[in-house]
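Enquirer: I'll drop the sequence and a predicted model, then ask my questions.
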Amino acid sequence: MEDEEGPECGKPDFVLLDQVTMDDFMENLKIRFQKGRIYTYIGEVLVSVNPYEELPLYGPEAIARYQGRELYERPPHLYAVANAAYRAMKRRSRDTCIVISGESGAGKTEASKHIMQYIAAVTNPSQRAEVERVKDVLLKSTCVLEAFGNARTNRNHNSSRFGKYMDINFDFKGDPVGGHIHSYLLEKSRVLKQHVGERNFHAFYQVLRGCEDEELRKLHLQRNPALYNFTRQGAGLSVLDTDEKSHHQAVTEAMRVIGFSPEEVDSVHRILAAILHLGNIEFVEVEEGGLEQGRLAVTEEVLVDHVAELTATPRELVLRCLLARTVASGGRELIEKGHTAAEASYARDACAKAVYQRLFEWVVNRINSVMETRGRDPRRDGKDTVIGVLDIYGFEVFPVNSFEQFCINYCNEKLQQLFIQLILKQEQEEYEREGITWQTVEYFNNATIVDLVERPHRGILAVLDEACSTAGPITDRIFLQTLDTHHRHHPHYTSRQLCPTDKTMEFGRDFRIKHYAGDVTYSVEGFIDKNRDFLFQDFKRLLYNSTDPTLRAMWPDGQQDITEVTKRPLTAGTLFKNSMVALVENLASKEPFYVRCIKPNEDKVAKKLDEGHCRHQVAYLGLLENVRVRRAGFASRQPYPRFLLRYKMTCEYTWPNHLLGSDKAAVGALLEQHGLQGDVAFGHSKLFIRSPRTLVMLEQSRACLIPIIVLLLQKAWRGTLARRYCRRLRAVYTIMRSFRRHKVRTHLTEMQRRFQAARQPPLYGRDLVWPPPPAVLQPFQDICQALFCRWRARQLVKNIPPSDMAQIKAKVAAMRVLQELRQDWGCRRAWAQDYLSSATDNPTAADLFAQRLKTLREKDGFRAVLFSSHVRKVNRFNKSRDRALLLTDRHLYKLEPGRQYRVMRAVPLDARLSEEGRDAAGGVGMLLGCGACLTPDPETPPPLPAAAQVTGLSVTSGRDQLVVLHARGYDDLVVCLHRSRPPLDNRVGELVGVLTAHCQGEGRALEVRVSDCIPLTQRGARRLVSVEPRPEQPEPDFRCSHGAFTLLWPSS
């Protein structure tokens, strides 16, 4: 702090003055004010001087400088006090409060705004939506309450005409989660009239100047405030229309952010307009039939229409309430009694005041309903802590002081008494109780003034209540005489009757109280009426029955029946006294922080300090006594156990627990290790610390050690959690193993039960259902199912004769390549394979084929015939011929049936056979495709190409018998199996099966394709072959069109 403020700026703390005198105090205050240093400490109390200008002391950068700092680390500032209150609340979970006091115009309202801005800025770093909502409501509520509760006075252009105490609730993280506003004694008489140079509440002028023309027309209003009795006095003091309009827009936006609905805002505007129209209603007595005594009437009945429309009530009832009242007689008979002009005016004014007061209370309650904490459970979320901010009217002295000023000054007396008790009296009493050497400081105790006002039976408020409750014509003058009788010997009370020579007071009207802030003369005129605060029940019932739900909610007492007997309501003075007692008790239960505001001059101009005016404020605020107490006393005191609990980690003798004789001895050892024993005093149960810098040093030492301790605790706790987790994990694994073993045993037992009959023929367990396995056994069951299938296949196969095994293998091979691809492939019939040797299929030439087969076996050495059949083939010249197809275990032969089954071509099934064929003289030639290259000697074909072999075959998906055989390096052979017995027998599957099974046995793959449009190659040209079913076709045959082959297949 000293590094940022040089000696030319004066002392930042009045405690540091060389001499504590009024002259030295004022000199230091003046120096700091001239240098723009408007804030100065008295220990932890902040003294603030209103600069009446904008200073560059606020904003995000200034907030960052004070956030998290101790009180004395930075120059004096409101942010420092707000930070100290916030940290005390967050660190020690203590409720705190900030009491802002001073006379009207000293800057209390602005101070409370800056405190709220600081709290809003430093909280909710995680940007929780609910916390942000609460912060917005807290900030915007100030704007709304200023509009409805502030007014321009001779001392202040934005004077609070009500008292406000706001509690802000914080969760354990230190984020605001709710709040509550208490309002005290709205100066509702200001609605009716104001002193010269003053205005009504801001809300009236904002509606008149800020509303749009269309809305004003609906409200039956005009923009000129001078047209309305309630705003005429301040009409000439209005600020610029643009300013009023911007203020009106700001208030409307703030109400929207808080949560007021558009309908509620419209209702508020209608109520304000109704009050203005109500103030313009005048009454006149008109003669009837020439009689002297006439009836009462309203001069402008259109105003009654406006009031009825704006309040949503019947016009006849509004007029009746203005001109008469209904009373209940002893027999509960209702009597309507007409008003005189004076009585009607009184009723009109009482109604206007009551409506505005109810409107203000409704606004406060509406804000509270939005700010209240939601879904908070102390057992789950912990106890909320609170920071209270008190912004209440300052001490007031007007040319004419009435009941409102009396209550306001009584409130300031109560707050001053609290300040004396907490800062002066309790401090001295505590020093004496703890045995601390102490120099007694004389101070003025205002308890006698408070007792003068609130003493039971004899106090001013008690006498006033008695006057209000007494039957008969009790006047304000009689009330003053009673006060003179009771308090004629009181040192702080006087009146003109008790002091006839004092001509500053008027006889029979004025009395004077010597307040702590100075003498104030009060006029008793209106004391009794204002204390009674009486409103005829007719108005309450009228407004309760309004069709406007907002207005109706403001008058719950209107539902009371007029004949119902109720207790006498408490007077305004008693209600205010009770609220002040509750407020003081609330503040006393919290740790207080004080901001004492000083008004530098009466002219409200910048850079001017009226020393005489400031001396008076310093005197009645008791600031000099506060400095003396702070200089002679100690800045902080803590019980030994609490001090040890917070700072024991900074000393090796006290951490983690001390072994000394007492906590007091342990605290002494801790302070001695830090070298701070000279700045403290030891009481019987508490440690007293003189300088705040000692606390700063201890806090810094603690802050350095806290991360290490936190890491140690985290390490121990994480180890505990890890061990606990490990134990639970072991238990879980044990349970899982046991459960898995149980599931496995259960599953295997069930499988054993189900498969006991699996060995019984002929099904061998075909219809058995496998039980669903546990997840861990799914791979095991998959293997078991595969093994079971193999075992079952073995059981079925081992009963098949060896002569049928080749056929079975061929059918299995065909099934693998044709299953779900070809409609019918002949699996259900017996496969004869060698159909040309069969007398059934080849009755005329079976013997000739047998001779040719014998010759080929001798020459090629094949072991078995795999397949033989007559075919219809087509060549590359588009010519169709009948041929025979012979498939052995070594070659694929194309034979000519018309010439004793002469070999036209032979294709090796394996590439190795092609090498043998080239070396064998007179070997069997190869014909791929149509056989167009025939040699002159049929027994001597041309040599074979290198690596010639059958690579695959293609069939269609229908019942036709089309087959395309593919060989590497040669034309594809296109044939159709025919001349079978029975006709059109399905033998394609048999050919595919035997050839595929043979290739599998040789250890090589054969490509089998199924397509309804088969591509093929002949002499390097790509062609297509397809099938066209024809019912009229007698025999299968080929047709060529546009380079593509079509098999014409007889369809049934």
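Expert: Ah, there it is.

Enquirer: how long is stretch 522-537 end to end?
Expert: Between the opening and closing residues of stretch 522-537 there is a gap of 31 Å (CA to CA, to the nearest Å).

Enquirer: And for stretch 651-658?
Expert: In stretch 651-658, first residue to last residue: 10 Å (CA to CA).

Enquirer: Just the buried residues of it, please?
Expert: Across stretch 651-658, burial judged by 16 or more other CB atoms under 10 Å covers Cys651, Thr654, His658. All C-beta atoms are positioned from the backbone trio N, CA, C, and that covers glycine.

Enquirer: repeat for stretch 951-970
Expert: 951-968, 970.

Enquirer: And for stretch 612-623?
Expert: The neighbour-count check on stretch 612-623 (16+ other CB under 10 Å) flags Cys614, Gln617, Val618, Ala619, Tyr620, Leu621, Gly622, Leu623 as buried.

Enquirer: In those, find the pair that's most separated.
Expert: Farthest apart among those by CB to CB are Cys614 and Gly622. That separation is 14.3 Å.

Enquirer: So which of the buried residues of stretch 951-970 sit within helices?
Expert: Judged by DSSP state H, helices contain none of those.

Enquirer: so Arg1022 touches Ala1044, yeah?
Expert: No - counting by CB atoms under 8 Å, Arg1022 stays clear of Ala1044, with 10.2 Å between them.

Enquirer: which of the two has more neighbours?
Expert: Neighbour count, other CB atoms under 10 Å: between Arg1022 and Ala1044, Ala1044 has more, with 13 against 9.

Enquirer: So the more buried one is in contact with Ser1026, correct?
Expert: Yes - look at Ala1044 against Ser1026 with CB under 8 Å: they come within range, at 7.3 Å.

Enquirer: show me what contacts the nearest residue to Lys743 once chain neighbours are set aside?
Expert: Take Lys743 and drop its neighbours on the chain: the residue closest to it by CB to CB, 6 or more residues apart in numbering is Pro774, 4.4 Å away. Applying CB atoms under 8 Å, 6 or more residues apart in numbering to Pro774 gives the contacts Arg740, Lys743, Val744, His747.

Enquirer: swap in Pro1036?
Expert: Contacts of Pro1036 by CB under 8 Å, 6+ apart are Arg872, Asp960, Gln961, Cys976, His978, Leu1047, Leu1048, Trp1049, Pro1050.

Enquirer: Looking at the residues you listed, which has the smallest pLDDT value?
Expert: pLDDT is lowest at His978 among these; the value there is 88.

Enquirer: Number of residues surrounding that one?
Expert: His978 is flanked by 20 other residues according to other CB under 10 Å.

Enquirer: now it: how far from Leu991?
Expert: Going from His978 to Leu991 by CB to CB, to the nearest Å gives 13 Å.

Enquirer: next one: Leu866
Expert: Distance from Leu866 to Leu991, by CB to CB: 9 Å.

Enquirer: Please say which of these two ends up with more neighbours.
Expert: Neighbours per residue (other CB under 10 Å) separate Leu866 from Leu991, with Leu991 holding more: 28 against 23.

Enquirer: which SS state does the more buried one fall under?
Expert: Three-state call for Leu991 (DSSP: H, G, I helix; E, B strand; the rest coil): helix.

Enquirer: residues in contact with it?
Expert: By CB under 8 Å, 6+ apart, the residues touching Leu991 are Phe867, Ser869, Leu887, Leu953, Val963, Leu977.
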